[in-house]
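Participant: sharing a model prediction with you, sequence too.
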Amino acid sequence: MTMKKAQKLEIKDLSVTFESEIIKNISLKVEDREIISIIGPSGCGKSTLFNVVSGIIKQNKGLIKINGLEEKKRQGKFGYMFQEPLLFPWLKVLENVMLGFEIKGIEKKQAKIEAVYLLKKFDLFEYANLYPNSLSGGMKQKAALLRTIAFNSDILLLDEPFGLLDAITRSNLHLYLLDIWKKLGLTIIFTTHDIREAIFLSDRVYVLSKKPATVIDCIKINLSRPRKISDQTSKKFVELEKKIISLL
Ligand SMILES: Nc1ncnc2c1ncn2[C@@H]1O[C@H](COP(=O)(O)OP(=O)(O)OP(=O)(O)O)[C@@H](O)[C@H]1O
Ligand SMILES: [Mg+2]
């Protein structure tokens with residue numbers, strides 16, 4: 001008999017209510033090294049979902065399992081990149097990335113060594129000594145992504161990581177993320193409004209309803225990897241796009 005491997009993350013019957021109900025009985029599963037996207041209308045509760053999963057706010061109902069075990073204290077278990085740009089403007093790129101290591105308790109000298117390694121490995125080292133204000137939007141997001149990974153390179157929660165970027169920069173960042181994902185063996189969950197982005201990056205796409213958010217459907221993206229930009233015009237891709245549009 002083969003033992004079924006536990007899911008990397010499981011969310012079960014999660015509900016959140018503030019003044020009104022925001023999230024209603026959401027269940028979802030994420031396998032090790034999957035890329036999962038969560039797509040849903042603005043204000044439906046995507047950021048709230050990430051805030052609950054990462055332990056910043058509490059759910060009213062439901063449980064969250066990591067590697068098969070219910071986890072009530074979830075602070076530090078995820079690399080969480082917030083929807084708002086989050087680099088500290090008074091720190092250089094290198095120092096921003098170092099901070100990711102330092103927050104989890106690595107001492108400064110070692111944090112510097114590891115941050116330099118990460119910046120070199122993922123093509124940002126030439127910007128190490130610049131302040132965020134002198135970077136382009138795309139560069140800022142790359143640096144923010146590396147800082148998130150410095151803090152936690154196991155499961156990433158990325159809240160609309162490419163939302164503020166133009167189409168060309170966005171496309172460049174998609175390939176950047178896929179490269180990091182593959183090299184570091186990450187598990188990634190991200191939110192987006194962009195159906196094509198969701199399809200291009202993901203193994204599965206969860207489609208949420210408007211508030212209170214429920215799961216309308218989960219669409220398997222049966223496109224082979226590595227993904228190429230040209231996949232976006234394939235028949236399969238367009239069919240997936242039509243299917244998701246019809247759900248929203
Ligand atoms: N701390 C809070 N207290 C009260 N209401 C909140 C709180 N945080 C979020 N909300 C409400 O919850 C709802 C969902 O917000 P949330 O930011 O999760 O949506 P979203 O799906 O991330 O939207 P967007 O796509 O625009 O980022 C909104 O109506 C918001 O006003
Ligand atoms: Mg949001």
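Facilitator: Received it, and whenever you're ready, just let me know what you need. Ligands and ions are numbered 1, 2, ... in the order given.

Participant: so, low pLDDT: which residues of this protein?
Facilitator: In the predicted model of the chain, residues 1-3 satisfy pLDDT under 70.

Participant: can you do 90?
Facilitator: 1-6, 83-86, 153, 163-164, 248 (pLDDT under 90).

Participant: what sits against the nearest residue to residue 208 once chain neighbours are set aside?
Facilitator: Nearest residue to residue 208, sequence neighbours excluded (Cβ to Cβ, 6 or more residues apart in numbering): residue 40, at 3.1 Å. Any C-beta I mention is one placed from the backbone N, CA and C, and that applies to glycine too. Neighbouring residues of residue 40 by Cβ atoms under 8 Å, 6 or more residues apart in numbering: 46, 191, 207, 208, 209, 210, 213, 248.

Participant: near ligand 1, from these?
Facilitator: residue 46 (Cβ under 6 Å from any ligand atom).

Participant: residue 82 contacts residue 159, correct?
Facilitator: Yes - with contacts counted by Cβ atoms under 8 Å, residue 82 reaches residue 159, the gap being 5.8 Å.

Participant: in the protein, what residue spans correspond to strands?
Facilitator: If DSSP state E is used as the criterion, the strands of the chain fall at 9-17, 21-30, 35-39, 61-66, 69-70, 79-81, 155-159, 187-192, 204-208, 215-220.

Participant: which strands and helices sit next to the helix with the most length in the chain?
Facilitator: Longest helix in the chain by number of residues (criterion: DSSP state H): helix 167-184. Packing contacts for helix 167-184, counted by 3 or more Cβ pairs under 8 Å, 6 or more residues apart in numbering; DSSP states H and E, involve helix 137-151, helix 195-201.

Participant: tell me the buried residues in it?
Facilitator: Using 16 or more other Cβ atoms under 10 Å as the test for burial, helix 167-184 gives 169, 170, 171, 173, 174, 176, 177, 178, 180, 181.
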